[in-house]
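[1] Provide a 3D model corresponding to the input given below.
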Amino acid sequence: MSASFKKTLQYIVLLLIGSLLIYLSIQKADVSLSELQNVFQNTNLIWVFVSIVISFLSHFARAYRWNYLLENYNYKTDLLTSNASVFIGYLANYGLPRMGEISRCAVVSKYNNIPLDIALGTVLAERVVDVLLMFVLFILVVIFQYDDLQELLNKYILQPFSEKLSGTNLILILALLIIGGILLYILNQRKTNKNSTSLWDKIFQVIQNLTKPLLSIHKIKRPIQFWGLSIGIWLMYFLSMYFCAWALPSTEGISFLKIMVLFLFGTIGVIVTPGGIGAYHFLITELLLFYHVDKASAVAFPWLVWGTQFLMVLILGGLSFILLPIIHKK
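    Residues are numbered from 1 along each chain as shown. This next block holds a predicted model:
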């Protein structure tokens with residue numbers, strides 16, 4: 001099985017999962033098309049516009065921050081090309097998972113003569129910083145919204161699991177875990193016999209490769225600007241959702257801290273499927289229903305947030321793809 005076929009198959013599977021999650025979120029809410037239409041007709045477009053502007057600024061800040069990492073290797077991008085590459089990358093991520101990082105680096109490699117491996121290394125460092133800041137967000141949610149998280153855990157995970165877990169099911173699960181453990185051990189032994197490098201050595205090597213860019217961040221020439229922009233980017237991501245919530249009558253009363261919970265789970269949804277298709281909508285809808293928002297608004301809100309972001313990326317990413325070759329023609 002070729003690598004390209006595997007990637008295509010992976011994308012199709014993730015897209016089907018996303019479509020299934022969209023169907024389940026709408027079916028569970030039991031909302032008619034007329035109800036959704038009524039919600040969108042009562043949307044305050046001013047706050048939607050504010051949300052879009054803040055989101056655009058976050059992408060601009062990401063493109064601007066990139067140069068702080070490239071400076072470590074004595075390279076620099078022009079602001080137009082770096083912004084265009086960011087939007088092209090986001091657009092590519094809607095097509096194939098992780099293709100955005102590669103296409104983004106390919107753009108600056110072509111137009112700013114930055115070696116592709118250097119560009120990829122800096123983007124990987126960005127991702128490590130993003131994971132770190134996402135972990136900080138998780139800690140903040142745990143501190144300030146612990147009761148909500150505990151109730152969500154009980155309602156959606158522990159309670160359904162305990163209801164379905166009978167004595168017979170428990171024995172079956174334990175048997176499957178034992179069989180799975182044996183199979184993993186056999187596979188590991190076969191790989192070890194074929195190759196002197198064990199599975200654990202490979203895992204350790206992957207961890208080393210992932211942490212290497214993070215370890216070099218302390219050498220950055222302008223750390224205050226870099227970390228200030230990094231925090232600002234995530235703050236703008238959050239504010240984009242926060243102000244978009246003001247656009248709907250049923251969500252404008254949700255507190256700052258509850259939006260933080262929505263933002264955290266929405267971010268996880270974006271990671272799970274390409275561009276967050278399905279997973280984002282399902283998670284946000286479930287959380288809004290948990291917070292007693294009416295069904296129509298609970299379904300409409302994630303589409304409002306996700307849809308405006310998608311349209312912005314589609315337009316600006318498409319224009320960037322078309323105009324960059326013309327701008328750099330000379």
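[2] got a list of contacts for the helix or strand containing residue 238?
    Using DSSP states H and E, residue 238 falls within helix 223-245. Outside helix 223-245, the residues that touch it by Cβ atoms under 8 Å, 6 or more residues apart in numbering are 47-48, 50-52, 54-55, 57-58, 61-62, 64-65, 68-69, 129-130, 133-134, 137, 217, 220, 251-252, 254, 256, 259-260, 262-263, 266-267, 301, 304-305, 308-309. Where you see a C-beta, it was placed from the backbone N, CA and C, and this is true even at glycine.
[3] Could you rerun that using 6 Å?
    The list of residues contacting helix 223-245 from outside it, by Cβ atoms under 6 Å, 6 or more residues apart in numbering, reads 47, 50-51, 54-55, 57-58, 61-62, 65, 68, 129, 133, 220, 251, 254, 259, 263, 305.
[4] I'd like to know which of the residues you listed are buried.
    Neighbour counting by 16 or more other Cβ atoms under 10 Å classes 47, 50-51, 54-55, 58, 61-62, 65, 68, 129, 133, 220, 251, 254, 259, 263, 305 among the contacts of helix 223-245 as buried.
[5] In strands, which of the residues you listed fall?
    Counting by DSSP state E, no part of the buried ones among the contacts of helix 223-245 is found in strands.
[6] So what's the gap between the helix holding residue 238 and the chain middle?
    Its chain's C-alpha centre and that of helix 223-245 lie 15 Å apart, by Cα atoms, centre = their mean, to the nearest Å.
[7] what are the C-alpha coordinates of that helix, in CSV please?
    This file holds the C-alpha atoms of helix 223-245, laid out as CSV (Å, rounded to 0.1, in the frame of the first residue of the first chain):
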residue,chain,number,x,y,z
PRO,A,223,12.2,36.2,23.3
ILE,A,224,9.9,38.9,24.8
GLN,A,225,8.4,39.7,21.4
PHE,A,226,8.1,36.1,20.4
TRP,A,227,6.3,34.9,23.6
GLY,A,228,4.2,38.1,23.7
LEU,A,229,2.9,37.4,20.2
SER,A,230,2.4,33.7,21.0
ILE,A,231,0.2,34.5,24.0
GLY,A,232,-1.5,37.3,22.0
ILE,A,233,-2.3,34.8,19.1
TRP,A,234,-4.1,32.5,21.5
LEU,A,235,-5.9,35.3,23.2
MET,A,236,-7.2,36.5,19.9
TYR,A,237,-8.3,33.0,19.0
PHE,A,238,-10.4,33.0,22.2
LEU,A,239,-11.7,36.6,21.7
SER,A,240,-12.8,35.7,18.2
MET,A,241,-15.2,33.0,19.7
TYR,A,242,-16.1,35.2,22.6
PHE,A,243,-17.4,38.1,20.5
CYS,A,244,-19.0,35.8,18.1
ALA,A,245,-21.1,34.5,21.0
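[8] and residue 328, how many neighbours?
    When neighbours are counted by other Cβ atoms under 10 Å, residue 328 registers 15.
[9] ok, now how distant is the spatially closest residue to it that is not a sequence neighbour from residue 135?
    Nearest-residue entry for residue 328: residue 111, 5.0 Å, with adjacent residues in sequence omitted and distances by Cβ to Cβ, 6 or more residues apart in numbering. Remark: distance between residue 111 and residue 135 (Cβ to Cβ, to the nearest Å) = 34 Å.
[10] now the helices: where do they sit in the stretch 51-200 of the chain?
    For the stretch 51-200 of the chain, the helices defined by DSSP state H, counting those that start in this stretch cover 79-93, 99-111, 116-144, 146-153, 159-164, 167-194, 199-215.
[11] Residue 249 is in contact with residue 297, correct?
    No - Residue 297 is beyond contact range of residue 249, at 7.8 Å (criterion: Cβ atoms under 6 Å).
[12] Which of these two has more residues huddled nearby?
    The neighbour comparison of residue 297 against residue 249 (other Cβ under 10 Å) goes to residue 297, with 23 against 13.
[13] Could you pull up phi and psi at that one?
    Main-chain dihedrals, residue 297, degrees, to the nearest 10: phi -70, psi -40.
[14] if I look at it, how far off is residue 33?
    For residue 297 relative to residue 33 (Cβ to Cβ), the value is 15 Å.
[15] repeat for residue 88
    According to Cβ to Cβ, residue 88 stands 34 Å off from residue 33.
[16] Specify which residue of the two has the higher count of neighbours.
    residue 88 (23 against 8).
[17] Skipping adjacent residues, who's closest to residue 323 in space?
    residue 84 (7.5 Å).
[18] try residue 48
    Nearest to residue 48 is residue 247, by Cβ to Cβ, 6+ apart, at 4.9 Å.
[19] do residue 284 as well
    residue 302 (3.8 Å).
[20] got a list of what the one you found touches?
    Residue 302 neighbours (Cβ under 6 Å, 6+ apart): 280, 281, 284, 285.
[21] Compare residue 111 and residue 135 (neighbour count), which wins?
    A direct count of neighbours by other Cβ under 10 Å for residue 111 and residue 135 places residue 111 higher, at 19 against 10.
[22] any low-confidence regions in the stretch 101-250 of the chain?
    For the stretch 101-250 of the chain, the stretches with pLDDT under 70 are 156-218.
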